[in-house]
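Peer 1: Structure here, sequence nowhere to be found:
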């Protein structure tokens, strides 16, 4: 394109369009795992950046002279920011940004190491075109002399709309009801493009926010019916087996099940947790337990474990639904059995909006970083190292009125898996992938910290009279590291295998109950009814989407947040069905269609409960709605206001 041509609106328009088109398409292929299959999907992936860019740049052409060029540059910059922000987010979370994510800005400062670790040396290439456009705009003085033509702008906008219409039509042919799917952002980006997805997400967010205002008690009917029909009778032998016992819940950050019994260069990575999984300490180990988190990751796990409700399809309910009414496990235990509740965490209380939503859950005490010795040598990555965290937590547990429900959230085994050399007792992995290789070291450190904590619990006298639950909150290694993971697991990481890799540990020790390996399939949604039944509290009167893991009637269909699912017989990954025993693709059947419908219904009803705040309409005999004004987490985590009121 010659200088004269670049000096025209048309030339500058085309140059900016080609630049944005190329870098967006390249990013699709290099940065994202979109699961593109077949010629149609490849074609749609290629053309889908065009419509939004043509429409926006077309609007810029309504400006006169050089101003049109500046507006094109502004729009190109904004779209580049959207692109790169999603690249950064995807590298960290294996997902795309949503508007609710952008409301979680308080979390960013606590994730500095992780965010900057996702920046690569080649990232400057995403911004080179902006520098070129700026140079052309400044140097080409002829640009301001071009006459204004409304027809050019109108033609561009009409062309962009036409391309979008063709794009959407072809997408609907290949994937019917694309825009009515609420569980998978991957599909929207793959078929319609990142920029159109951003607009779609904004519209969806606005619609969802309006749902609460128009909701009524009638909207709760379907969810109540589902929970009632889905209820599983408790195991008679275990119902009430842990009644009155303290409950100590140990959170294994980013810990996946494949770590158990894994040997790195002939050395066990997690020897203590291995021993627990093999029945020591009378632990019951669920080896087919899966996380069910979405974009909220740890926050989603907390929400699901304590409420038997799924996290949202976009963003984190901890942030966007922090003022909702909840009927949480801590509140139920308090009102029915007189339990004190506490969360202990070596990070600051505003992260994930915990200091607000814990009030909605009725949690009595929140011991955050301000309760711990946050010295430079004891802090790494997101907060306090696990060993000092567990050690300093013992006096806090001893200070609680018994029986208590305590949730201890570890941090060291968190992406990007950073560990000081002095704390490492295991060599790094050798895959060449920095994330995966560091994962083994931080997992070993976490294992040692948990072992020390067990010993300290025994010395304190708390161990024998407590139910101890250990769980992994979500995956630690995303699909971005499939090459290294295939080396670690000595198998190809297919979509089927990746679904299997979503297993996380669940171990429960109930005093007086014999442990062992339990092969039942379950997920985080099932923990709350399980713990209630161990306390002798019937879960039936509460609205829950999970079922008791120990029940003979337990539902072994595990819904993932994107609508995929796993059962002992089948694995469904974004619409592709596999035989669970062989990993081979199989044809759908009336049975698997019913399973998919059940999963979609479960997720949809859970979303309605959260988006419309429906639990405010759910009256339960003997349960009073939590009044968040009764909770205030002052220094050292003590709920000062409730202490005063008592």
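Peer 2: That came in fine, so what should we check first? Note that the coordinates shown come from a computational prediction; the quantities given were computed from them, not determined experimentally.
Peer 1: Quick check: can you list the domain ranges of this protein?
Peer 2: Annotated domains of the chain cover 3-211, 218-645 [automatic domain parsing].
Peer 1: which one of the ones you listed has the lowest average pLDDT?
Peer 2: Mean pLDDT is lowest for domain 3-211 among those, at a mean of 83.
Peer 1: Please, where are all the helices along the stretch 1-150 of the chain?
Peer 2: Per DSSP state H, counting those that start in this stretch, the stretch 1-150 of the chain carries helices over the ranges 3-6, 9-31, 38-47, 50-60, 66-93, 99-102, 112-117, 128-139, 150-174.
Peer 1: among those helices, which is the most enclosed?
Peer 2: Mean neighbour count (mean count of other C-beta atoms under 10 Å) peaks for helix 50-60 among these, with a mean of 23. All C-beta spots, glycine's among them, are computed from the backbone N, C-alpha and C.
Peer 1: and it, what does it pack onto?
Peer 2: helix 9-31, helix 66-93, helix 150-174, helix 194-214 (3 or more C-beta pairs under 8 Å, 6 or more residues apart in numbering; DSSP states H and E).
Peer 1: Can you tell me which of those helices is nearest to residue 467?
Peer 2: helix 66-93 (32.1 Å; C-beta to C-beta).
Peer 1: Does the closest one pack against any helices or strands, and if so which?
Peer 2: Using 3+ C-beta pairs under 8 Å, 6+ apart, helix 66-93 sits against helix 9-31, helix 50-60, helix 112-117, helix 128-139, helix 194-214.
Peer 1: Residues in contact with the second one: which ones?
Peer 2: By C-beta atoms under 8 Å, 6 or more residues apart in numbering, the residues outside helix 50-60 that reach it are 13, 16-17, 20-21, 68-69, 71-72, 74-76, 79, 153-157, 159-161, 163-164, 167, 193, 195-196, 199.
Peer 1: Taking helix 194-214 as reference, get the angle to it.
Peer 2: Angle of helix 50-60 versus helix 194-214, following axes from the mean of the first three to the mean of the last three C-alpha atoms, to 10 degrees, is 90 degrees.
Peer 1: Could you check how far residue 405 is from residue 536?
Peer 2: According to C-beta to C-beta, to the nearest Å, residue 405 stands 15 Å off from residue 536.
Peer 1: out of these two, which sits in the more crowded spot?
Peer 2: residue 405 (26 against 16; other C-beta atoms under 10 Å).
Peer 1: Check for me that the more buried one belongs to a strand.
Peer 2: Yes: assignment of residue 405 by DSSP: H, G, I helix; E, B strand; the rest coil places it within a strand.
Peer 1: Which among the helices and strands packed on helix 66-93 is found nearest to residue 554?
Peer 2: Among the helices and strands packed on helix 66-93, helix 194-214 sits nearest to residue 554 (C-beta to C-beta), with 31.2 Å.
Peer 1: Show me what whatever helix or strand comes next after the closest one is packed up against.
Peer 2: Next in sequence after helix 194-214, counting helices and strands by DSSP states H and E, comes helix 221-230. Applying 3+ C-beta pairs under 8 Å, 6+ apart, one finds that helix 221-230 contacts helix 590-611.
Peer 1: neighbouring contacts of the helix it packs on?
Peer 2: 182-183, 208, 211-212, 219-220, 222-223, 226, 309-310, 312-313, 317, 321, 324, 543, 545, 557, 559, 561, 563, 565, 567, 570, 572, 577, 614-615.
Peer 1: Strands of the stretch 251-400 of the chain, residue ranges please.
Peer 2: 263-264, 267-268, 283-290, 340-345, 365-367, 379-380, 383-384 (DSSP state E, counting those that start in this stretch).
Peer 1: Rebuild those as CSV, extending it with mean neighbour count.
Peer 2: Formatted as CSV, the strands of the stretch 251-400 of the chain follow (neighbours: other C-beta atoms under 10 Å):
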stretch, mean neighbour count
strand 263-264, 14
strand 267-268, 16
strand 283-290, 22
strand 340-345, 24
strand 365-367, 25
strand 379-380, 19
strand 383-384, 26
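Peer 1: Is it possible to get TSV of these that adds distance to residue 495?
Peer 2: Converted to TSV, the strands of the stretch 251-400 of the chain look like this (distance: least, C-beta to C-beta, whole Å):
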stretch	distance to residue 495
strand 263-264	26
strand 267-268	30
strand 283-290	15
strand 340-345	34
strand 365-367	39
strand 379-380	34
strand 383-384	34
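Peer 1: Figure out which of these is closest to residue 463.
Peer 2: Once the strands of the stretch 251-400 of the chain are compared by C-beta to C-beta, strand 283-290 is nearest, at 12.5 Å.
Peer 1: so how far is that closest one off the chain centroid?
Peer 2: Here strand 283-290 is found 21 Å from its chain centre; the criterion is C-alpha atoms, centre = their mean, to the nearest Å.
Peer 1: repeat for stretch 34-49
Peer 2: Relative to the mean C-alpha coordinate of its chain, stretch 34-49 is positioned 26 Å out (C-alpha atoms, centre = their mean).
Peer 1: I'd like the helices of the stretch 1-150 of the chain laid out as JSON lines, including distance to residue 292.
Peer 2: Compiled in JSON lines, the helices of the stretch 1-150 of the chain are given as follows (distance: least, C-beta to C-beta, whole Å):
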{"stretch": "helix 3-6", "distance to residue 292": "53"}
{"stretch": "helix 9-31", "distance to residue 292": "26"}
{"stretch": "helix 38-47", "distance to residue 292": "27"}
{"stretch": "helix 50-60", "distance to residue 292": "33"}
{"stretch": "helix 66-93", "distance to residue 292": "15"}
{"stretch": "helix 99-102", "distance to residue 292": "18"}
{"stretch": "helix 112-117", "distance to residue 292": "22"}
{"stretch": "helix 128-139", "distance to residue 292": "40"}
{"stretch": "helix 150-174", "distance to residue 292": "28"}
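Peer 1: Nearest to residue 444, out of the ones you listed?
Peer 2: helix 112-117 (19.5 Å).
Peer 1: helix or strand for residue 485, which one?
Peer 2: Residue 485 belongs to helix 482-489, assigned by DSSP H and E.
Peer 1: If you count contacts, what does that helix end up packed against?
Peer 2: helix 434-460.
Peer 1: if we go to 10 Å?
Peer 2: helix 434-460, helix 495-500 (3 or more C-beta pairs under 10 Å, 6 or more residues apart in numbering; DSSP states H and E).
Peer 1: Start and end of stretch 333-346, how far apart?
Peer 2: Criterion C-alpha to C-alpha, to the nearest Å; first-to-last residue distance in stretch 333-346 is 25 Å.
Peer 1: I'd like the distance from it to the chain centre, please.
Peer 2: For stretch 333-346 - counting by C-alpha atoms, centre = their mean - the centre lies 25 Å from the chain centre.
Peer 1: repeat for stretch 426-433
Peer 2: So, by C-alpha atoms, centre = their mean, the centroid of stretch 426-433 is 26 Å from its chain's centroid.
Peer 1: just to revisit the earlier point, which of the contacts of helix 590-611 count as buried?
Peer 2: 182-183, 208, 211-212, 219-220, 223, 226, 309-310, 312-313, 317, 321, 324, 543, 545, 557, 559, 561, 563, 565, 567, 570, 572, 577, 614-615 (16 or more other C-beta atoms under 10 Å).
Peer 1: Just the ones in helices from those residues, please.
Peer 2: Judged by DSSP state H, helices contain the following of the buried ones among the contacts of helix 590-611: 208, 211, 212, 223, 226, 317.
Peer 1: For burial, what's the neighbour tally of residue 500?
Peer 2: Residue 500, neighbours per other C-beta under 10 Å, totals 20.
Peer 1: My reading is that residue 470 is in a strand; is that accurate?
Peer 2: Yes: per three-state DSSP, residue 470 lies within a strand segment.
Peer 1: heads up, I number from 59, so please use that
Peer 2: Will do, 59 is the new start, and the previous item becomes residue 528.
Peer 1: Which strand residues bridge it?
Peer 2: Residues in a beta bridge with residue 528, per DSSP bridges, are residue 308, residue 565.
Peer 1: what sits against it?
Peer 2: 306-310, 313, 331, 334-335, 341, 343, 508, 512, 563-567 (C-beta atoms under 10 Å, 6 or more residues apart in numbering).
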